[in-house]
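# need coordinates for the below:
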Amino acid sequence: MSGGSFDYMCYKVLDTYGGRMLDPVLDQMLEDFVKVLHDLEWYESADYSEDNYRRTVEWFKTKWIGKPAPILRDVVEQEIQNMRKRLLTAVAWTDGGATGGDGNK
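So this is what the prediction gives:
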């Protein structure tokens, strides 16, 4: 393929918001983030390796975030809760225990 997994949204984001953030730092951050979106789209289209995408993500995080900020701990905790909910839903678990069977948890 050649990109396109997300209908080339990375270019649409840049065309829509590029140079319009009313802040030069945010304009540059957006341009750099579009590089992440591009590499994700190309990875999903099997044009780039996951390693290539991950390198771009790390480059962006290093440039714009630097050392992990305290808010990242909150993001990790929320993702753990989201994953827990998805997994419990996938196995049809309820607050009352397992559904079906002998009711053992």
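# how about the helix or strand encompassing R55 as CSV, C-alpha atoms only?
Element membership of R55 [criterion: DSSP states H and E] is helix 50-64. Output in CSV follows, covering the C-alpha atoms of helix 50-64 (Å, rounded to 0.1, in the frame of the first residue of the first chain):
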residue,chain,number,x,y,z
GLU,A,50,6.5,-0.6,14.1
ASP,A,51,10.0,0.2,15.1
ASN,A,52,10.1,3.2,12.7
TYR,A,53,6.8,4.5,14.2
ARG,A,54,8.0,4.0,17.8
ARG,A,55,11.2,5.9,17.0
THR,A,56,9.2,8.8,15.8
VAL,A,57,7.0,8.7,18.9
GLU,A,58,10.1,8.7,21.1
TRP,A,59,11.6,11.6,19.2
PHE,A,60,8.4,13.6,19.7
LYS,A,61,8.1,12.8,23.4
THR,A,62,11.8,13.6,24.0
LYS,A,63,11.5,16.9,22.2
TRP,A,64,8.2,18.1,23.6
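# who does that helix touch, helix- and strand-wise?
helix 24-44 (3 or more Cβ pairs under 8 Å, 6 or more residues apart in numbering; DSSP states H and E). C-betas here are computed from N, CA, C, even on glycine.
# format the CA atom coordinates belonging to the helix it packs on as CSV.
Extracted in CSV, the C-alpha atoms of helix 24-44 (Å, rounded to 0.1, in the frame of the first residue of the first chain):
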residue,chain,number,x,y,z
PRO,A,24,4.6,29.7,17.0
VAL,A,25,5.5,27.0,19.6
LEU,A,26,2.2,25.3,19.1
ASP,A,27,2.5,25.6,15.3
GLN,A,28,5.9,23.8,15.5
MET,A,29,4.5,21.2,18.0
LEU,A,30,1.6,20.5,15.6
GLU,A,31,4.0,20.1,12.6
ASP,A,32,6.0,17.6,14.7
PHE,A,33,2.9,15.7,15.9
VAL,A,34,1.8,15.4,12.2
LYS,A,35,5.0,13.5,11.7
VAL,A,36,3.8,11.0,14.4
LEU,A,37,0.4,10.8,12.7
HIS,A,38,2.1,10.2,9.3
ASP,A,39,4.3,7.4,10.6
LEU,A,40,1.3,5.8,12.4
GLU,A,41,-0.7,5.8,9.2
TRP,A,42,2.2,4.4,7.2
TYR,A,43,2.8,1.7,9.9
GLU,A,44,-0.9,0.7,9.8
